[in-house]
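Undergrad: Predicted model and sequence follow; I will ask about them next.
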Amino acid sequence: MKTWALYSLKGGVGKTAAAVNLAYEAARAGKHVLLWDLDPQGAASWYLGIDDQTELSPKKIVAGKTALGRHVCATTHARLSVLPGNRGYRQWDVRIHEAKSPRKVLEGLIEPFSETYSLMILDCPPGIGPLSTAILRAADRIVVPVVPTPLSLRALDEVRDHVAEKKVGKTRLKPFFSMADRRRRLHRDLLAEPPATMADSAQTFVDYASVIEQMGAHRAPVATYAPRSRATSQYRALYRELA
């Protein structure tokens, strides 16, 4: 089973939308996919129609007193399941920090799902902490959405610095331009001539589009209600590039 982490220091960069749509595209391509919503807000779960409000305790999960597999929810989309986010996940950083080997703890939680799924996508909460560091170490691919602005590029530089400091394999880092608004000159310029920090980025970028914002109204991936949209084509191309 491969593990992809959708990660960003900043919120509001299209991370959760990308996690949901990449998970859907992978399932559409025939993969059995589990989306683990690690964000306490649970937006990815909600987008996929999951209203499970069960509050799981990271303390009990780490101690082996809660079986994560029992909380997996099927979605209405073939081959796509969700491990829902919940408010209790706010304790993750504390519990991971207490562990002797945070990476092994996380890998131990992930490994049992390899019997059922071929791809796990982690929708990570924004910021740097013990949980995100463990995820960066454990994931096969770290997918970082970057809005074409100086502030978002600066955040990517901070991620790279953190990766270097923690000696995480930098080759697993794959940024991509997200929420690109080609009506704005700055966005157009950065897309045309990406800075050095985007040298290893995905060739595919995702535009800012109202059809993506409509995910909240439809509570579904873009391809299910706008199959011919540019956004659908971009997420599909991004999945193929990452795969």
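TA: That came in fine, so what should we check first?
Undergrad: Can you show me the helices along the chain?
TA: According to DSSP state H, the chain carries its helices in the segments 15-28, 43-47, 58-62, 92-98, 102-110, 130-138, 150-165, 185-192, 210-213, 215-218, 222-225, 230-242.
Undergrad: Make a markdown table out of those helices and add mean pLDDT, distance to residue 6 and mean neighbour count.
TA: Heads up, the C-betas are built off the backbone N, CA and C, glycines and all. Below are the helices of the chain laid out as a markdown table (pLDDT from 0 to 100; distance: least, C-beta to C-beta, whole Å; neighbours: other C-beta atoms under 10 Å):
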| stretch | mean pLDDT | distance to residue 6 | mean neighbour count |
| --- | --- | --- | --- |
| helix 15-28 | 99 | 4 | 26 |
| helix 43-47 | 96 | 9 | 24 |
| helix 58-62 | 81 | 19 | 18 |
| helix 92-98 | 80 | 16 | 18 |
| helix 102-110 | 87 | 15 | 18 |
| helix 130-138 | 88 | 10 | 22 |
| helix 150-165 | 94 | 12 | 15 |
| helix 185-192 | 97 | 21 | 14 |
| helix 210-213 | 98 | 15 | 16 |
| helix 215-218 | 98 | 15 | 14 |
| helix 222-225 | 99 | 16 | 20 |
| helix 230-242 | 99 | 11 | 19 |
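Undergrad: so which of these gets nearest residue 174?
TA: Residue 174 lies closest to helix 230-242 among these, at 6.5 Å (C-beta to C-beta).
Undergrad: Give me the packing partners of that closest one, helices and strands only.
TA: In terms of contacts (3 or more C-beta pairs under 8 Å, 6 or more residues apart in numbering; DSSP states H and E), helix 230-242 is packed against helix 15-28, helix 222-225.
Undergrad: quick one: which of the ones you listed is nearest residue 140?
TA: Using C-beta to C-beta, those put helix 15-28 closest to residue 140, at 13.2 Å.
Undergrad: Please name every helix or strand in contact with that closest one.
TA: Where contact means 3+ C-beta pairs under 8 Å, 6+ apart, helix 15-28 is packed against strand 2-6, strand 33-37, helix 43-47, strand 80-83, strand 119-123, strand 141-146, helix 222-225, helix 230-242.
Undergrad: packing partners for the fifth one?
TA: Same thing as strand 119-123. For strand 119-123, the packing partners by 3+ C-beta pairs under 8 Å, 6+ apart come out as strand 2-6, helix 15-28, strand 33-37.
Undergrad: So which of these is nearest residue 204?
TA: Here helix 15-28 is closest among those (C-beta to C-beta), at 10.9 Å.
Undergrad: Once you drop chain neighbours, what's closest to residue 137?
TA: Setting aside the residues directly before and after it, residue 137 is nearest to residue 103 in space (C-beta to C-beta, 6 or more residues apart in numbering), at 4.3 Å.
Undergrad: From residue 95, how far off is the residue of the chain most remote from its centre?
TA: Distance from the C-alpha centroid of the chain, by C-alpha atoms, centre = their mean, peaks at residue 185 (28.1 Å). With distances taken as C-beta to C-beta, to the nearest Å, residue 185 is found 46 Å from residue 95.
Undergrad: And residue 68, what's its pLDDT?
TA: Listed pLDDT for residue 68 reads 87.
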